[in-house]
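Asker: When you get a sec, could you give me coordinates for this:
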Amino acid sequence: MTIADAASADVARVHRNAGQIPDTQAAPAAGARLAAPVRRAGVRFVHAGLAWAISLAAAAAWLQRAAAGDPLAAPLADVLPIAIAAAAFPISLNLFDVFRVRVRRAVPERLARVFAGAMLAAGLAAAAAHATGSDAAGPARLAPLLAGLSGALLALDLAVWAAVRRWARHGRLARRIAIVGATADALKYVENAEREGAVRVVAVFEDREARRPGTVAGAPVLGGLDALLAWPDLPRLDGIVVALPAANPARIRAVLERLRPLPNPVSILLDCDDRPGARGAWVKRPAPALAHLSDETRHDARAAAVRAQDLVLGSLILIPLLPAMALIGLAVRLDSRGPVFFRQARHGFNNDVFDVFKFRTMRPDDGAPVEQVVAGDPRVTRVGKFLRKTSLDELPQIFNVLRGEMSLVGPRPHAVGMRTGDVETPRLVFDYAHRHRVKPGMTGWAQVRGSRGPLHTADEVRERVRLDLEYVERRSLWLDLWIMLRTIPCLLGDSRNVR
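Answerer: From the prediction side, this is the model:
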């Protein structure tokens, strides 16, 4: 039995132990890899948006009343303090971290933060009223507006807090992570993480069998590092935390080197101390801090913005494309026997596997190995040649985007088991899996830079991965929009790449 087989058997044995992992910690369904981060960012955006809406509505109502029904006729000296108050309230609340999703933040602390933000905003508005010498926005008339705004925003914060607590109890806002190292600091981190509600530790892995407990603060210990690398739920982890003793840097380096090919974010738990006597001392120390070693650019806000972009633009793109897709489907059906759509297993976010949708461009060949298309490939149908040349066969992937398995822009998903020559493509580049740190896309940076179509040589694979990793590091909404605008001209002017 190989090490990998032993690790798989170890994991399977643990999973067969009923009740070891609660149902609430089950892995999310396909297409929901970023569900918790997106929800957390969404809550923050909605909270801030409602605060802005309340402030602007209150300011507009005050001006409407003060200007006798014609706010546009109000003098600038009256408008300026109210405008500053409307903007200062949500900005001040953001400065005092009111919008951040904190499940365990106590009510007194929330009240103090909202009160401090309101006082700062009120002070700015009062200073503006004094500077402009406005009678209409004087203290007597401004005070009811500021008091009303403060009360409304406090009520909003408490309502959001109640909703967040309810969602946290159902595990909707927690990242799923695994810990490497059953140390004292790992125990403290698990307890703090569970108490905070932002993280759910689903498993712990420890190489040293003699120091491998059954659980760590309720989180099951599933084996060693080999078990982690063979774990079926690895693609569904939002992160891996290394909690090894700082006194053993060689072991830490060895573990990090083995984790390096994974697309999952990796962090180190700082101040780990496994010396004799330290286990009883950690209680007095503050919670261990994390040092993020990879994927630092993936933030909740970025994930939520990308998902919103995919849903909005994807829906707008789908509507006008439906008639064209119906005609293409009819042409595919009439051209050759077989289904209209082709489904193939591809690697997606965090190396997870999903089925990608395409119009069928080749004759059915069940059971054949995954071989890339070459020039004059006899498997390609007549309609398929046109669809592949224009990339129209990719249009059904808009459904993958709307389902959350893909994005409009990202590294193109490669087929499971894809080979370049006689070698599996991922084996040609050590950091190949890092391209899966974002969702795959319908188009990408590599495609608009000329790297399209099959990869027939190791050099082509390295160039494609280099461009994909360049996108992962540079990605932004503006870059995504630029890539989308460049995609069609690149397709129309591409006569070199075979598809």
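
Asker: State the pLDDT value of the nearest residue to Arg44 once chain neighbours are set aside.
Answerer: With CB to CB, 6 or more residues apart in numbering as the criterion, Arg44 has its nearest non-adjacent residue at 5.0 Å, and that residue is Phe99. Using the backbone N, CA and C atoms, a C-beta is placed for each residue, glycine as well. On the pLDDT scale, Phe99 is placed at 86.

Asker: Could you report the distance from Phe99 to Ala41?
Answerer: To Ala41, Phe99 is 10 Å away according to CB to CB, to the nearest Å.

Asker: Lys358 now?
Answerer: Counting by CB to CB, the gap from Lys358 to Ala41 is 31 Å.

Asker: thinking again about what came up before, anything in contact with each of Phe99 and Ala41?
Answerer: With contacts taken as CB atoms under 8 Å, 6 or more residues apart in numbering, Phe99 and Ala41 have no neighbour in common.

Asker: how's this protein carved up into domains?
Answerer: 3-23+174-292, 37-169, 300-492 (automatic domain parsing).

Asker: Adding mean neighbour count, write those out as TSV.
Answerer: What follows is the domains of the chain, written out as TSV (neighbours: other CB atoms under 10 Å):
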stretch	mean neighbour count
domain 3-23+174-292	17
domain 37-169	17
domain 300-492	17
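
Asker: picking that back up, could you look up the SS state of the residue nearest to Arg44?
Answerer: Secondary structure assignment for Phe99 (DSSP: H, G, I helix; E, B strand; the rest coil): coil.

Asker: ditto for the one 3 residues further on
Answerer: Classification of Arg102 into helix, strand or coil gives coil, according to three-state DSSP.

Asker: And it, how far from Arg302?
Answerer: Using CB to CB, Arg102 is found at 20 Å from Arg302.

Asker: cool, Gly123 as well?
Answerer: Counting by CB to CB, the gap between Gly123 and Arg302 amounts to 34 Å.

Asker: same check, this time on Ala246
Answerer: 31 Å.

Asker: Leu50 too?
Answerer: Counting by CB to CB, the separation of Leu50 from Arg302 is 22 Å.

Asker: and what of Gly384?
Answerer: In terms of CB to CB, Gly384 sits 37 Å off from Arg302.

Asker: Quick check: mean pLDDT of stretch 221-241?
Answerer: Rounded mean pLDDT across stretch 221-241 is 86.

Asker: First residue to last residue on that stretch, what's the distance there?
Answerer: Taking CA to CA, to the nearest Å, the first and last residues of stretch 221-241 lie 14 Å apart.

Asker: which residues in the stretch 101-250 of the chain form helices?
Answerer: Assigned by DSSP state H, counting those that start in this stretch, the helices in the stretch 101-250 of the chain fall at 107-132, 139-169, 184-196, 225-229, 249-259.

Asker: just checking, which of those comes out with the lowest mean pLDDT?
Answerer: In terms of average pLDDT, helix 184-196 trails the rest of the helices of the stretch 101-250 of the chain, at a mean of 75.

Asker: about what we covered before: tell me which of the helices of the stretch 101-250 of the chain approaches Ala58 most closely.
Answerer: Closest approach to Ala58 among those (CB to CB): helix 139-169, 5.3 Å.

Asker: and the angle from the closest one to helix 184-196?
Answerer: Between the axes of helix 139-169 and helix 184-196, defined by axes from the mean of the first three to the mean of the last three CA atoms, to 10 degrees, the angle is 120 degrees.
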